[in-house]
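Chemist: Need a 3D model of the following:
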Amino acid sequence: MFGLSDSEQIAVFDANLRALRSYRPTAAPVPITLLRAKVQLLSHLALDTSLGWRDFTKGDARVHMVPGDHSSIMAEPTVRQLAKMISGELDNLESK
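Modeler: Just a heads-up that it's a prediction; the model follows:
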């Protein structure tokens, strides 16, 4: 970090680490939509279909599968399908 001594940088890092460890998010009263890659990382195989996001909402947690993996869903041609899904979710929100 610019302008900080080594000991100041360590103190900032330590404070950030303590904040991260103590943070406990609460469920929000809003629905969550997860656009999830069909090809999953190995680390996600033990999680539920919402990858744990259901724990963060008191509303619905909808999951839409997008063809491809975590990286390819943001590239052509799959990104078009992703954009269509996002647009559809936004349209659904506007109609409520």
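Chemist: C-alpha only now, for contacts and for neighbours.
Modeler: Fine.
Chemist: what about the helices in the chain?
Modeler: 6-22, 78-94 (DSSP state H).
Chemist: Make CSV from those and add mean pLDDT, distance to residue 49 and mean neighbour count to it.
Modeler: Conversion of those to CSV gives the following (pLDDT from 0 to 100; distance: least, C-alpha to C-alpha, whole Å; neighbours: other C-alpha atoms under 10 Å):
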stretch, mean pLDDT, distance to residue 49, mean neighbour count
helix 6-22, 95, 25, 11
helix 78-94, 90, 17, 13
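Chemist: Tabulate those helices (a markdown table), appending distance to residue 63.
Modeler: As requested, these are arranged in a markdown table below (distance: least, C-alpha to C-alpha, whole Å):
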| stretch | distance to residue 63 |
| --- | --- |
| helix 6-22 | 27 |
| helix 78-94 | 11 |
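Chemist: out of those, which comes closest to residue 33?
Modeler: In this view, the helices of the chain are compared for proximity to residue 33 by C-alpha to C-alpha, and helix 78-94 is the closest at 7.9 Å.
Chemist: what residues does that closest one touch?
Modeler: Residues outside helix 78-94 that contact it (C-alpha atoms under 8 Å, 6 or more residues apart in numbering) are 33, 35, 66, 67, 68, 72, 73, 74.
Chemist: Let's see that with 7 Å instead.
Modeler: The contact list for helix 78-94, computed with C-alpha atoms under 7 Å, 6 or more residues apart in numbering, reads 66, 67, 72, 73.
Chemist: can you tell which of the helices of the chain is closest to residue 29?
Modeler: The closest approach between residue 29 and any of these, judged by C-alpha to C-alpha, belongs to helix 78-94 at 14.7 Å.
Chemist: can you pull the alpha-carbon coordinates of that closest one into PDB?
Modeler: The C-alpha atoms that make up helix 78-94 are tabulated as PDB, following Å, rounded to 0.1, in the frame of the first residue of the first chain:
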ATOM      1  CA  THR A  78     -22.700 -18.600 -24.400                       C
ATOM      2  CA  VAL A  79     -22.700 -15.000 -23.100                       C
ATOM      3  CA  ARG A  80     -25.700 -14.300 -25.400                       C
ATOM      4  CA  GLN A  81     -27.700 -16.900 -23.500                       C
ATOM      5  CA  LEU A  82     -26.500 -15.500 -20.200                       C
ATOM      6  CA  ALA A  83     -27.600 -12.000 -21.300                       C
ATOM      7  CA  LYS A  84     -31.000 -13.400 -22.400                       C
ATOM      8  CA  MET A  85     -31.500 -15.000 -19.000                       C
ATOM      9  CA  ILE A  86     -30.500 -11.800 -17.200                       C
ATOM     10  CA  SER A  87     -32.900  -9.800 -19.300                       C
ATOM     11  CA  GLY A  88     -35.700 -12.200 -18.600                       C
ATOM     12  CA  GLU A  89     -35.100 -12.000 -14.900                       C
ATOM     13  CA  LEU A  90     -35.200  -8.200 -15.000                       C
ATOM     14  CA  ASP A  91     -38.400  -8.300 -17.100                       C
ATOM     15  CA  ASN A  92     -39.900 -10.500 -14.400                       C
ATOM     16  CA  LEU A  93     -39.000  -8.000 -11.700                       C
ATOM     17  CA  GLU A  94     -40.500  -5.100 -13.700                       C
END
